[in-house]
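Colleague: Predicted model follows, preceded by the sequence.
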Amino acid sequence: MESKPADLLQSFIEAEDPVTKSKMSSNEIHSECILMMQAGVDLPSHTLTWLVHFLLLYPQYHRRAGAEVRSQVDPDHIITYNKCREKLPFVEACLLEALRIAPAVGVMIPRVSPKGGVMIKGQLISENMLIIINYAIANHHSKHWDRPYEFDLTRYLDNSNARNNILSFSHGKRTCPGRHMAVWQMLSTIANILKDYDLRLPKDFKHLRPDIHNEHGTPKLMESHFFAVIKPTNPKHDCRMIISKAHNAKNK
């Protein structure tokens, strides 16, 4: 008898409710597969896009992050997540700040207010209203973040609890179940990129540079649009860079 495949799809097919013993329908399995693909591919890639964008606009942090990686890790060593947590606190702070300013998921899954409405923080929400939590606005709230629009890594280096105020993966029982895997993936990826490659803006890149500021007095960011995912509006124009092999990287 041929053995069943040991993969995520098979897990969805075999999963059953512990109380009712019911299994997921074909539509539910289909939806979960789409969600896993988006969460496992699109969201980490968008976050890394923003992280590299921030590093190129804040060269002082880019230099420090690269120096930390190359001074702590052998050039022919593949950096694991555990090594990142152990040796690379500044690189981890870079990822946390990118997740705060430009959360990959723009909003939480909408909910419809119940019959008769609902009172939230003293505000009556009428019935049948679409309710959405905006992660970006929550992450930019001045009550929790000093200089909320500035890419400032010291807020994590000086305060180990600051990461708890980042809402990018939601909180409570509705928190993202794959948040740990996403962080493992993104942190190890950016660390290995900084170890092996030098990144810089092209000479003709005149519209987004460290010395071009927005209304908040911080480097102007590329235009973006979001609902489910915050993504660049003009990626072919704004996401250009020059990538070269680092001098201390081992040729492969």
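Modeller: Yes, it's here. None of these values were measured; they are calculated from a predicted model.

Colleague: Output the contacting helices and strands for the longest helix belonging to the chain.
Modeller: Taking DSSP state H as the criterion, the chain has its longest helix at helix 179-196. Here helix 179-196 touches helix 43-57, helix 59-72, helix 81-87, helix 89-101, going by 3 or more Cβ pairs under 8 Å, 6 or more residues apart in numbering; DSSP states H and E. From N, CA and C alone the C-beta is placed, and that goes for glycine too.

Colleague: what's the third one packed up against?
Modeller: Of the remaining helices and strands, those touching helix 81-87 by 3+ Cβ pairs under 8 Å, 6+ apart are helix 89-101, helix 179-196.

Colleague: Name the residues of the shortest one that come out as buried.
Modeller: Just to be clear, that refers to helix 89-101. Under the neighbour-count criterion of 16 or more other Cβ atoms under 10 Å, helix 89-101 has 90, 91, 92, 93, 94, 95, 96, 97, 98, 99, 100, 101 buried.

Colleague: Return the closest of those with respect to residue 175.
Modeller: Set against residue 175, the nearest of the buried residues of helix 89-101 by Cβ to Cβ is residue 99 (13.6 Å).

Colleague: got the contact list for the residue nearest to that closest one when sequence neighbours are not counted?
Modeller: Leaving aside its chain neighbours, residue 99 sits nearest to residue 168 (4.5 Å; criterion: Cβ to Cβ, 6 or more residues apart in numbering). Neighbour list for residue 168: 99, 100, 103, 104, 105, 135, 139 [criterion: Cβ atoms under 8 Å, 6 or more residues apart in numbering].

Colleague: Pretty sure the fifth one sits against residue 134.
Modeller: No: applying Cβ atoms under 8 Å, one finds residue 105 not in contact with residue 134, separated by 10.4 Å.

Colleague: If you count surrounding residues, which of the two has more?
Modeller: Per other Cβ atoms under 10 Å, whichever of residue 105 and residue 134 has more neighbours is residue 105, with 24 against 14.

Colleague: check contacts around the more buried one.
Modeller: For residue 105, counting by Cβ under 8 Å, 6+ apart, the contacting residues are 43, 135, 168, 176, 228, 229, 230.

Colleague: Show me how to select, in PyMOL, the buried members of those.
Modeller: In PyMOL syntax, the buried subset of the contacts of residue 105 is picked out as below (16+ other Cβ under 10 Å):
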select buried, resi 43+135+168+229+230
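
Colleague: what two of the contacts of residue 105 are the furthest from one another?
Modeller: 176 and 230 (15.1 Å).

Colleague: what's the helix or strand for the closest residue to residue 101 other than its chain neighbours?
Modeller: Once flanking residues are discounted, residue 101 sits nearest to residue 151: 6.4 Å by Cβ to Cβ, 6+ apart. According to DSSP states H and E, residue 151 maps onto no helix or strand at all.

Colleague: Share the number of residues neighbouring residue 151, please.
Modeller: 21.

Colleague: Tell me which residues touch it, please.
Modeller: Per Cβ under 8 Å, 6+ apart, neighbours of residue 151: 54, 57, 58, 61, 97, 98, 101, 218, 219.

Colleague: Count the residues that sit near residue 88.
Modeller: Residue 88 has 24 nearby residues by other Cβ under 10 Å.

Colleague: List the contacts of stretch 46-60.
Modeller: With Cβ under 8 Å, 6+ apart, stretch 46-60 has contacts from 61-62, 65, 94-95, 97-99, 101-102, 104, 151, 182, 186, 189-190, 193, 199-201, 208-210, 219, 221-222, 229-232, 235, 238-239, 241.
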